[in-house]
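here is my input, please return the structure:
(chains A and B)
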Amino acid sequence: MSMDYFQYLRKERMPHIWCPGCGHGTIMKSILRAIDKLKWNKDDVVVVSGIGCSSRTPGYLDFNTLHTTHGRALAFATGVKFANPKLRVVVVSGDGDAMAIGGNHFIHACRRNIEITLIVFNNNIYGMTGGQASPTTFTGARGTTAPYGAIEQPFDVCALAQGSGATFVARALDLDAVAMDRIILAALQNKGFSVVDAWSQCTTYFGRQNKWGDASEMMDRYKALTYNVKLADKMTPEEKAGKYPVGILHQVQRPEFCEEYDKLCARVQGK
Amino acid sequence: MASENVKFLSGNEACAEGAVAAGCRFFAGYPISPSSEIAEKMSGRLPKIGGKFIQMEDEIASIGAIIGARLAGLKAMTATSGPGFSLMQENIGYAAMAEVPVVIVNVMRGGPSTGNPTGPSQSDVQQCRWGTHGDHPAVVLSPSTIAETFACTVHCFNFAERLRTPTILAMDEIVAHMREKLVIPEQVETVWAKGPDEEGRQSFKPYLAGEDLVPPWMNYGEGARYHVTGLDHDETGFPSLTAANMEYLHRRLVDKVERNKKEILLYENYRTDDAEVLVVAYGSTARSAKRAVNEAREKGVKAGLFRPVTLYPIAEEEIAAAAGKARRVVVPEMNLGQYVLEVERILGKGIPIARVNLVNGEPITPASILSAIVGG
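Numbering: from 1, shown residues only, chains lettered A, B, ... in the order given. Below is the predicted model of the structure:
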């Protein structure tokens, strides 16, 4: 990796706010490697976020950056992309931001298939507000608002995305940056709405409350909770039960929103 | 004047026409009575002229989308009514904080809650001013006629661009749905937010304001690569929570509207020169009030009407001047007394101020205003 990260970073905004052991920086660097590989012009890139730990990412990046309100990043991003489809729009969001308060925007962005890539920095907890349970907190796991363990079933981000119509759906773990690079690169190249469920251990809140140990121990637990989708055919249903597939899970071609709108304009203008 | 420029339109339709004339090329909305015709009209109009129309999943998404669209370079608007307007409040504050010039139309129905979805009301007036949390500026226009609805929509865009702040067009349902003749002008004056000078462009500071307190604007994609946040921020746009910066920012946001207030105050003085009874009324209620003033004059009562079109910021000096010879003031509103609070504050305790309020979904009649004018 000889790329110069600093050409994409706002050095003066460092140090970042993320805790030691947090996976968010790993995901951010993976996004930068993908953008570098695609040779996107920095002036054309817009990174949009909502509220939360992950949503501080745009502030560190030397692009057009938009830190919006809690849950609404996809709504703002839809306006940016639709108003000027030449812009390359990447949304970074957390599990609370994207799946709870922003859940409605999430399913509709999937349905609309507008060319935006959403990276969900999924750490199964509200980190910035101090460790409350989120829509991806595993059943039985603790948060400061679930001191006796969560009794609800978590969202499967990828299943929801696929069911809602996203044309690229993948899950990546921060512990495998090489695979994450490949996945985010493919997501950014998809002509449509892409969702990457990027797992990122929160050692400070999730790890401590659940006695999941330090970052490396949490990564081991992530490994135990997941399997490579390429191996799915060789696994029994019992082996897959309660586990999450990792990799590119769904990729289809479907008309993209901005292109369809352009066609509509041409039609009504009699062109 | 070409005959196709003479239309017979509702207020909602005139609003859509005004938006197009003002250069609006992006509309995001969600269906809600009694504003839906604006979205319907825009959905037919914008694709024909290369503009963008999108129906979003809710009102929160709608205002989010228009803020994003304006950052990406298009003048943008949304339209809603009470319940949707309540949902939009957080992002109205965002637009004020991030200084993104967008236009929000609120066609007022009776409330609270679902209320009276198709009945007229003026009960969102204070929400237009104070709906979003925190101290913030507010620019709110309320038209009385169809022609004025067209003009006010253009003004809303121009004032938003001039001041880099969201503006609100507060129509009542009567203005929104009544039909009148509208002559659409060949051209209207349109304003775009001013850009930086060459030096400012090189090292763009999106929140570095000059004397008029309005910072320069650049669209995303034009090379500035700046940061926009709803957090307290300094002139660079990046978060800054120092005491001095926060004090400056919050005062500047409010002061920029106050300092440039004279440019955006729209109002009508009708027979106020010698008025001994002053009526202060806006929106469709002002039409009833005008008739009541004329009828009072016929009865020998020197009545006059001050009609604020710009509800916020408030034409304080102008209201005080209109009341200069008045012994009494009457404030009719289709709510339980909202703008009257401003009138009471401006004129003080020295003058009796009568309220005429109605919240039953009926318009306030000239007769009820007249009886307040002569009956006091």
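
from chain B, how far out is A:Gln153?
Note on A:Gln153: its distance to chain B, by C-beta to the nearest C-beta, to the nearest Å, is 24 Å. Yep, even glycine has a C-beta here, placed from its N, CA and C like the rest.

next: A:Gly25.
Taking C-beta to the nearest C-beta as the measure, A:Gly25 and chain B are separated by 18 Å.

for the residue lying closest to that residue once chain neighbours are set aside, what are its contacts?
Nearest non-adjacent residue to A:Gly25, counting by C-beta to C-beta, 6 or more residues apart in numbering or on different chains: A:Trp18, 5.8 Å away. By C-beta atoms under 8 Å, 6 or more residues apart in numbering or on different chains, the contact list for A:Trp18 reads A:24-25, A:53, A:56.

can you pull the contacts of the residue lying closest to B:Ala95 once chain neighbours are set aside?
Spatially, and ignoring its direct neighbours in sequence, B:Ala95 is nearest to B:Pro166 (3.9 Å; C-beta to C-beta, 6+ apart). Contact analysis of B:Pro166 by C-beta under 8 Å, 6+ apart lists B:92, B:95-96, B:100-104, B:139, B:160.

of those, just say which sits nearest to A:Val90.
Of all the contacts of B:Pro166, B:Val100 has the smallest distance to A:Val90: 20.0 Å, by C-beta to C-beta.

quick one, grab the pLDDT at that closest one.
If you check B:Val100, the pLDDT there is 98.

which SS state does it fall under?
Classification of B:Val100 using DSSP: H, G, I helix; E, B strand; the rest coil returns coil.

against A:Gly21, how distant is the residue nearest to B:Ala95?
Separation of B:Pro166 from A:Gly21 (C-beta to C-beta, to the nearest Å): 41 Å.

verify the stated contact: A:Pro135 with A:Ile101.
No: counting by C-beta atoms under 8 Å, A:Pro135 stays clear of A:Ile101, with 9.5 Å between them.

strands - which of the contacts of B:Pro166 land there?
Per DSSP state E, strands hold the following members of the contacts of B:Pro166: B:103-104.

quick one: B:Leu182 is in a strand?
Yes: looking at B:Leu182 with three-state DSSP, it is inside a strand.

how about the contacts made by it?
B:Leu182 makes contact with B:6-9, B:14, B:17, B:146-147, B:150 under the criterion C-beta under 8 Å, 6+ apart.

and those near chain A, which?
Residues of the contacts of B:Leu182 in contact with chain A (C-beta under 8 Å from any C-beta of the partner chain): none.

okay, strands next: where are they in the stretch 51-200 of chain B?
B:52-55, B:75-80, B:103-108, B:140-141, B:167-172, B:179-183 (DSSP state E, counting those that start in this stretch).

close to chain A, is the first one?
Yes: contact check for strand B:52-55 against chain A, using C-beta under 8 Å from any C-beta: residues in range are B:52, B:54.

tell me what that strand is packed against?
Applying 3 or more C-beta pairs under 8 Å, 6 or more residues apart in numbering or on different chains; DSSP states H and E, we find strand B:52-55 packed against helix A:73-83, strand B:24-29, helix B:36-45.

what's the local residue count around B:Gln126?
Residues lying near B:Gln126 (other C-beta atoms under 10 Å in any protein chain shown) number 16.

hang on, B:Tyr220 in a strand?
No: using three-state DSSP, the assignment for B:Tyr220 is coil, not a strand.

for the closest residue to it other than its chain neighbours, list the residues it contacts.
Setting aside the residues directly before and after it, B:Tyr220 is nearest to A:Asn64 in space (C-beta to C-beta, 6+ apart), at 4.1 Å. Going by C-beta under 8 Å, 6+ apart, A:Asn64 touches A:43, A:45-47, A:87, B:71, B:220-221, B:224-226.

buried subset of the residues you listed?
Taking 16 or more other C-beta atoms under 10 Å in any protein chain shown as the criterion, what is buried in those is A:45-47, A:87, B:71, B:220-221, B:224-226.
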